[in-house]
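Student: mind folding the following:
(chains A, B, C and D)
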Number of protein chains: 2
Amino acid sequence: MKVVALIEAPCCSPGARPISTEAAGDLAARFKALADPTRVAIVNRLAGTDEVCVCRLVEEFELSQPTISHHLRLLREAGLVTSERRGTWGFYRLVPEAIAGLRNALG
Amino acid sequence: MKVVALIEAPCCSPGARPISTEAAGDLAARFKALADPTRVAIVNRLAGTDEVCVCRLVEEFELSQPTISHHLRLLREAGLVTSERRGTWGFYRLVPEAIAGLRNALG
DNA sequence: GACCTTCATTGACGATCATCAATGTTACAG
DNA sequence: CTGTAACATTGATGATCGTCAATGAAGGTC
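Tutor: Sure thing, here's the model as predicted:
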């Protein structure tokens, strides 16, 4: 697991400065986390509320619980969401700084 | 090939409204275009100049010409770049509105 | 203790992806 | 017309991905 800078220099809008190979790989890795419709929908869902229970995500999306868990893991590993366990339940939150970092990268 | 709205409603930052399944798939498709280090680097390269010749990209990246052509095709199909042929040479340009659309989607 | 619920992990499957060599296509030069 | 240069396309291969069923781990209830 790798820690990623949250503030990102623009890379992809006109006038952007050249970026390193490492930075390109770093960015691509986080864009890849959003490269699936289900994960975009999960992020969108989390963006609408403070936190959401995994059980609710499993309800709302017509996918198996392991599949939801899998997508959540990828989002978590990309630093876009955080998880917290309270008793039996698991709750996920958006990491606004991570989204902002990607936005900055785009311009 | 599908025409995609260039202006995007926020989807992934706090307070974003729920988006449709179609919109999620649409966004994911364009994020997928940026989900590869080479393609991020190409977009970054195009962002630094008005237009870039394919031959130059093949020179600069240590990849075969078909591979570069493949990545350019994906970027073009995602609407992130445009191509123009002048004689034997091919030139690619960034589509700033497409990048801006993605940025808007993120917040 | 035994049992149930919630979530994560594993293993397997077909599908998609990144890459390259080989080939096709188009434009220019002689 | 013959050759050459620039890109695109095709076909093949190994790697990664999305999905689910089965299983594991941990918390709560009785």
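
Student: quick check, central residue of chain A?
Tutor: Nearest to the geometric centre of chain A sits residue A:80, at 2.9 Å (C-alpha atoms, centre = their mean).

Student: quick one: contacts for that residue?
Tutor: A:30, A:33, A:34, A:43, A:94, A:95, A:98, A:99 (C-beta atoms under 8 Å, 6 or more residues apart in numbering or on different chains). Glycine gets a C-beta too; all of them are placed from N, C-alpha and C.

Student: try residue A:72
Tutor: Applying C-beta under 8 Å, 6+ apart, the residues near residue A:72 are A:42, A:54, A:57, A:81, A:83, A:92.

Student: and residue A:29, how many neighbours?
Tutor: Look at residue A:29: counted by other C-beta atoms under 10 Å in any protein chain shown, it has 18 neighbours.

Student: is any residue of whichever strand or helix holds it near DNA strand D?
Tutor: Using DSSP states H and E, residue A:29 sits within helix A:21-33. Yes. Counting by C-beta under 7 Å from any atom of the strand, DNA strand D has neighbours in helix A:21-33: residue A:32.

Student: residue numbers of chain A in contact with DNA strand D?
Tutor: A:32, A:35-36, A:38-39, A:63-67, A:70-71, A:74, A:87-88.

Student: show me which of the contacts of residue A:72 is closest to DNA strand D.
Tutor: residue A:42 (10.0 Å; C-beta to the nearest atom of the strand).

Student: state the distance from the spatially closest residue to that closest one that is not a sequence neighbour to residue A:27.
Tutor: Excluding the flanking residues, the one nearest residue A:42 by C-beta to C-beta, 6 or more residues apart in numbering or on different chains is residue A:71, at 6.0 Å. Relative to residue A:27, residue A:71 is positioned 20 Å away (C-beta to C-beta, to the nearest Å).

Student: who's more crowded, those two?
Tutor: Neighbour count, other C-beta under 10 Å: between residue A:71 and residue A:27, residue A:27 has more, with 26 against 21.

Student: strands of chain A, residue ranges please.
Tutor: Secondary structure of chain A, counting by DSSP state E: strands at A:52-53, A:81-86, A:89-94.
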